[in-house]
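# Need coordinates for the following:
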Amino acid sequence: MAKKTTFGSSARSRRKRMRKKIEVRKQEFRFHGLSLEEMQNLTIEELMPMLPSRPRRTLKRGLTPRQYKLMNDVAEANEGDVIKTHCRDMIILPSFIGHRIDVHNGNEFQRIDIKPNMVGHYLGEFAITRKKVKHTGPGVGATRSSKYMPLK
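Numbers count the residues shown, from 1 in each chain. Got it, this is the predicted structure:
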């Protein structure tokens, strides 16, 4: 008869011990080795080498008047204020962190809370312009079988 081998404990007690061992640590955000405060003190010229090529090229060419207006609105706004804009091609800068921006998606304004990991992305990436397709029942002309509609 084969002996039943045990490794000292049941699976349940091992899981319980593992849960106790796991410590939940809140890791501080770092952007290319810089803390949040250091990142917010950067100028655009100092930030540019840290960004991917497309945002870096956009900033190198200079901002449009609409983008400058949005930057000024963000600078003048308080933390809780909501800023409305149609400027979807604006790159999220460190000075935007903590602000709420309503970005127009072609139909309505979508609220975006700017977080540190959004730096370097465009505002339009977070205001989706397309909705999920919602199909209903078969309509007129869908198929041959759907042309018959019961009266009840």
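# what about the spatially closest residue to Met50 that is not a sequence neighbour, how many neighbours?
Nearest in space to Met50, with sequence neighbours left out and distances taken as CB to CB, 6 or more residues apart in numbering, is His32 at 4.7 Å. In short, each C-beta sits where N, CA and C put it, glycine included. His32 sits with 10 neighbouring residues when counted by other CB atoms under 10 Å.
# And the pLDDT for His32?
We have a pLDDT of 77 for His32.
# and the gap between it and Ser95?
Going from His32 to Ser95 by CB to CB, to the nearest Å gives 17 Å.
# Equivalent analysis for Gln40, please.
As judged by CB to CB, Gln40 and Ser95 stand 6 Å apart.
# Over to Ser53: give its phi and psi.
Phi and psi for Ser53, reported as degrees, to the nearest 10, are phi -60, psi -40.
# Also Arg111?
phi -80, psi 130.
# Now for the nearest residue to it once chain neighbours are set aside, how many residues are close by?
Spatial nearest neighbour of Arg111, chain neighbours left out: Asp102 (5.4 Å); criterion: CB to CB, 6+ apart. For Asp102, the count of nearby residues is 16 (other CB under 10 Å).
# Same check on Glu45?
Neighbour count of Glu45, defined by other CB under 10 Å: 9.
# contacting residues for it?
Counting by CB atoms under 8 Å, 6 or more residues apart in numbering, Glu45 touches no other residue.
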